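> give me coordinates for this.
(chains A and B)
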There are 2 protein chains.
Amino acid sequence: MRPSRLDCVAADDADPLAPLRAQFDLPPGVIYLDGNSLGALPRTTVARVTATMVDEWGAGLVTSWNTAGWMDMARRIGDKIATLVGAGPDEVVVADSTSVNLFKVLSAAVRISTARGPGRRVIVSERDNFPTDLYIASSVADSNGMTLRLVDAADVAASVDSDTAMVVLTHVNYRTGAMYDLPAITRFAHDAGALMAWDLAHSAGATPVDLTAARADFAVGCGYKYLNGGPGAPAFVWVRPDHHDAVSQPLSGWIGHDAPFEFRSDYEPAPGIGRYQCGTPPVLSLVALDCGVDTVLAAAPFGGVSALRAKSDALSSLFIDLVGPVCTAHGLTVVTPLEARRRGSQVSIAHPADGYAIMQALIARRVIGDFRAPDVLRFGFTPLYTRHVDVFDAIEHLRLVLENDEWRSPAFATRSAIT
Amino acid sequence: MRPSRLDCVAADDADPLAPLRAQFDLPPGVIYLDGNSLGALPRTTVARVTATMVDEWGAGLVTSWNTAGWMDMARRIGDKIATLVGAGPDEVVVADSTSVNLFKVLSAAVRISTARGPGRRVIVSERDNFPTDLYIASSVADSNGMTLRLVDAADVAASVDSDTAMVVLTHVNYRTGAMYDLPAITRFAHDAGALMAWDLAHSAGATPVDLTAARADFAVGCGYKYLNGGPGAPAFVWVRPDHHDAVSQPLSGWIGHDAPFEFRSDYEPAPGIGRYQCGTPPVLSLVALDCGVDTVLAAAPFGGVSALRAKSDALSSLFIDLVGPVCTAHGLTVVTPLEARRRGSQVSIAHPADGYAIMQALIARRVIGDFRAPDVLRFGFTPLYTRHVDVFDAIEHLRLVLENDEWRSPAFATRSAIT
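Okay, here's the model as predicted:
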């Protein structure tokens, strides 16, 4: 039977994770289903960033590099993120953007692969991978005389063979929400003698990931989605420990040096994951990211990421159940896998021509998802703050937008840049 | 005659730039001579960053990418910085770190040089350039089968010949404060058929630079020194317009794409300087940088960077005049060029063995400069907020530290990471 709003209220009342929502400053009256694009503002962030500006930068000035722990922050936050992705201490560091970190790890992978033997000249990825991953993979392939082979998601495993140097995939597809079986694909890559790099942008903090158990080689991920680090937050990078000291990466900036403050003219990469840092750490952004990561760590006493994932499954299943009849009535299609274990923490629905206007009309009703060209309306569920009633109400708004043709208003026709 | 403290008070009273100091929240009782490492906190920064967090991120959530102008900010700030370095609109963009931007421009320079002909396989730099510049140049050379040739500053011009692809130098040396004749060195490089890339980390905002008049090819610079953008602020990158569309750079992230929100699988670099962006812009850091850059633009009605430079010359000359007898009495040496036009906005003095402890003792007296291994005490002058009396008092403190052997206290012996 179709769940009622009262069922959703009851589910929220029974939700052991419900208290975690109070960690966020959510605007009243807004149903926010876009934490997979930009996570919400944690309540602690403003005070902590302000204290960093006033007390550390303003009063402490340059001495705060020593006294306020600025220099180690990227490692400390990395250690926190490590606990969310099945990595150990000193295996993750926060630095730069996802794109830049992907360049680092793919370049390092080329070096490792080439050292093993010159025969593997292909990088395999998914045709519908997030574009920045494809652009960076293409650049790394071009710079190293390699070829980027793009295949459909279903064909990835079959496309990895003795010519493959590495496979690079995003765990959860940004558009469809489809999730790879990370251990199985990693095994396929390894069985073919290839290295495996994962982009966890849409999974870190929302879905259990065990990089160590899967024995993946490299991973990168985003700080501003489920980690709630703020717009353009720094990203993270993980490298399996046995690769740490095997090669360096080409963005050999001074902060990745073994002894940056000895100002030596020769680059001596830091041991371990430290060599994946490059320039001076972005302190204000790091403090905001630290607050965001702490909101996810706060789920630990309630069962951690597994508990978050269970709630996420419940929310996305509820959304799919409720949206089905609306889609059928109005020519929309659910493009996210219906099997929970095959999707991330989002549901996407497609409309042949008017997805953008429909999303704008929803946003006018203060239901915030986003649109991804050419035809996808995305709805993300952040189990830290998304409630069952939010899902119920969002679908009701969607139904009204469609039944009343609200999206046909000229106000919603002109496409702006991002959402 | 040696200037007295009253002379310095009089100079401050007569200083037309004196009102600009009120733009900063400087801690009382501190003499801050390290704005060349970390610029001071502008008074506007806390309110603007807080508003960005609360109103834009917190309340506006993901829609602020459109409504709050987040996506264009890196270009808008770039246009402001352009006015400080002799560049035009749409020629500068803020992105990533100085190190990452240097990797972009040196990689682009390799592509331009190689397209002109394969014969030039040498990158020339200064042996005592800031280490990150050397590390990145070395990495770019290695990745492209080139050689990095390091020479003394005095030998740079003579070392550029028909095998030289590019010259990469920092305009003002971080350790000694020595400043290159930027137009002359650029001309030497060009006369030899090489490209010229400048790191303006220690000059942007403190010293007039005219990249256009010099017809330099590339420049990068730092946001957290004289631009007052905060610890680890994003950096900037300038490319001469006729190079913009000639080549792309290898960090081909989605924000450098011509149409990022069409999510195409092929990388089509944005026209112009936009292609030097890579990942998602770091919004909180950009807002802080914008406030910092504005403090320098506020000098425009008073004569702009030329007026800042005139005051900087006066301050560094005063420092040199006053420190001379102290150095002579205590075995220190001024290592910064005595001729004003040959130095940046800092004066460095060397002590054979105990520079670190002497600087710590000075900091204990609340005179903040920094130490650069192995032997240099650095004193930077930020004409926006450094006063003549600050210089006078700093030297008095230095004299007392040395005369009273204060630096011999065991408290100052253990070297910590940075200052």
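
> backbone dihedrals for A:M166, both of them.
phi -160, psi 160 (degrees, to the nearest 10).

> next up, the contacts around it.
A:L106, A:A109, A:V110, A:S113, A:I123, A:V124, A:A189, A:A194, A:L195, A:M196, A:A197, A:D217 (C-beta atoms under 8 Å, 6 or more residues apart in numbering or on different chains). C-beta coordinates here come from the backbone N, C-alpha and C atoms, glycine included.

> what's across from it in the sheet?
Under DSSP bridges, the beta-bridge partners of A:M166 are A:I123, A:L195.

> can you tell me what sits against the helix or strand harbouring A:D13?
Using DSSP states H and E, A:D13 sits in helix A:5-14. The contact list for helix A:5-14 (C-beta under 8 Å, 6+ apart) reads A:P3, A:A18, A:A314, A:L318, A:R387, A:H388, A:V389, A:V391, A:F392, A:D393.

> how much space is there between the residue nearest to A:W70 when sequence neighbours are not counted and B:Y385?
Spatial nearest neighbour of A:W70, chain neighbours left out: A:V283 (5.0 Å); criterion: C-beta to C-beta, 6 or more residues apart in numbering or on different chains. According to C-beta to C-beta, to the nearest Å, A:V283 and B:Y385 sit 20 Å apart.

> look at these two and report which has more neighbours.
A:V283 (29 against 22; other C-beta atoms under 10 Å in any protein chain shown).

> so which residues of the stretch 101-250 of chain A form strands?
A:122-126, A:147-151, A:164-170, A:195-199, A:218-221, A:235-239 (DSSP state E, counting those that start in this stretch).

> buried residues, the second one. List them.
Within strand A:147-151, the residues that count as buried by 16 or more other C-beta atoms under 10 Å in any protein chain shown are A:L148, A:R149, A:L150, A:V151.

> not counting that strand itself, show me its contacts.
A:121-127, A:129, A:134, A:137-138, A:141, A:159, A:164, B:265.

> now the buried members of the residues you listed.
If we count by 16+ other C-beta under 10 Å, the contacts of strand A:147-151 have these buried: A:121-126, A:129, A:134, A:137-138, A:141, A:159, A:164, B:265.

> okay if I get those residues as TSV plus distance to A:A235 and pLDDT?
Shown next, in TSV, are those (distance: C-beta to C-beta, whole Å; pLDDT from 0 to 100):
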residue	distance to A:A235	pLDDT
A:R121	28	97
A:V122	26	98
A:I123	20	98
A:V124	22	98
A:S125	18	98
A:E126	20	98
A:N129	16	98
A:L134	17	98
A:A137	16	98
A:S138	19	98
A:A141	21	98
A:S159	27	96
A:T164	25	98
B:S265	21	92
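
> mind putting these in a markdown table, distance to A:R408 included?
Formatted as a markdown table, the buried ones among the contacts of strand A:147-151 follow (distance: C-beta to C-beta, whole Å):
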| residue | distance to A:R408 |
| --- | --- |
| A:R121 | 52 |
| A:V122 | 48 |
| A:I123 | 44 |
| A:V124 | 43 |
| A:S125 | 39 |
| A:E126 | 35 |
| A:N129 | 34 |
| A:L134 | 35 |
| A:A137 | 40 |
| A:S138 | 40 |
| A:A141 | 45 |
| A:S159 | 43 |
| A:T164 | 49 |
| B:S265 | 31 |
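
> show me which of these is closest to A:D34.
A:N129 (20.7 Å; C-beta to C-beta).

> wait, doesn't that closest one sit right on A:V172?
No: in this structure, A:N129 is not within contact of A:V172 by C-beta atoms under 8 Å, at 11.1 Å.

> what angle separates the helix or strand where A:T328 lies from helix A:5-14?
Here A:T328, judged by DSSP H and E, is contained in helix A:304-330. Put simply, helix A:304-330 runs at 170 degrees to helix A:5-14, going by axes from the mean of the first three to the mean of the last three C-alpha atoms, to 10 degrees.

> check the offset of stretch A:278-290 from the chain's centre.
Put simply, stretch A:278-290 sits 18 Å off its chain's centre (C-alpha atoms, centre = their mean, to the nearest Å).

> same check, this time on stretch A:86-96
How far stretch A:86-96 lies from its chain's middle: 15 Å, per C-alpha atoms, centre = their mean.

> in it, what counts as buried?
A:G86, A:A87, A:D90, A:E91, A:V92, A:V93, A:V94, A:A95, A:D96.

> return only those of those found close to chain B.
The residues of the buried residues of stretch A:86-96 that also fall near chain B, by C-beta under 8 Å from any C-beta of the partner chain, are A:D96.

> which one of the buried residues of stretch A:86-96 is nearest chain B?
Using C-beta to the nearest C-beta, A:D96 is the member of the buried residues of stretch A:86-96 that lies nearest chain B, at 6.6 Å.

> if we can go back for a sec, for the buried residues of stretch A:86-96, give me TSV that also has pLDDT.
Converted to TSV, these look like this (pLDDT from 0 to 100):
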residue	pLDDT
A:G86	98
A:A87	98
A:D90	98
A:E91	98
A:V92	98
A:V93	98
A:V94	98
A:A95	98
A:D96	98
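
> and the buried residues of stretch A:86-96, which is closest to A:L322?
Out of the buried residues of stretch A:86-96, the member with the shortest distance to A:L322 (by C-beta to C-beta) is A:G86, at 32.8 Å.

> so that closest one is in which element?
Going by DSSP H and E, A:G86 is not in any helix or strand.

> contacts only, for it.
For A:G86, the contacting residues are A:P208, A:V209, A:D210, A:L211, A:T212, A:A213, A:A214, by C-beta under 8 Å, 6+ apart.

> look up how far chain B lies from the closest residue in space to it that isn't next to it in sequence.
Closest residue in space to A:G86, ignoring its immediate chain neighbours: A:D210 at 3.3 Å, by C-beta to C-beta, 6+ apart. Distance of A:D210 to chain B, computed by C-beta to the nearest C-beta, to the nearest Å: 26 Å.

> follow-up on the earlier one: what about the buried residues of stretch A:86-96, which are in strands?
A:V92, A:V93, A:V94, A:A95 (DSSP state E).

> ok, of the buried residues of strand A:147-151, which one's closest to B:A411?
Nearest to B:A411 among the buried residues of strand A:147-151, counting by C-beta to C-beta, is A:L148 at 57.3 Å.

> next up, the contacts around the residue lying closest to that closest one once chain neighbours are set aside.
Closest residue to A:L148 in three dimensions, ignoring its sequence neighbours and counting by C-beta to C-beta, 6+ apart: A:A141, at 4.3 Å. By C-beta under 8 Å, 6+ apart, A:A141 lies in contact with A:I123, A:T147, A:L148.

> state the pLDDT value of A:N66.
Note on A:N66: pLDDT of 89.
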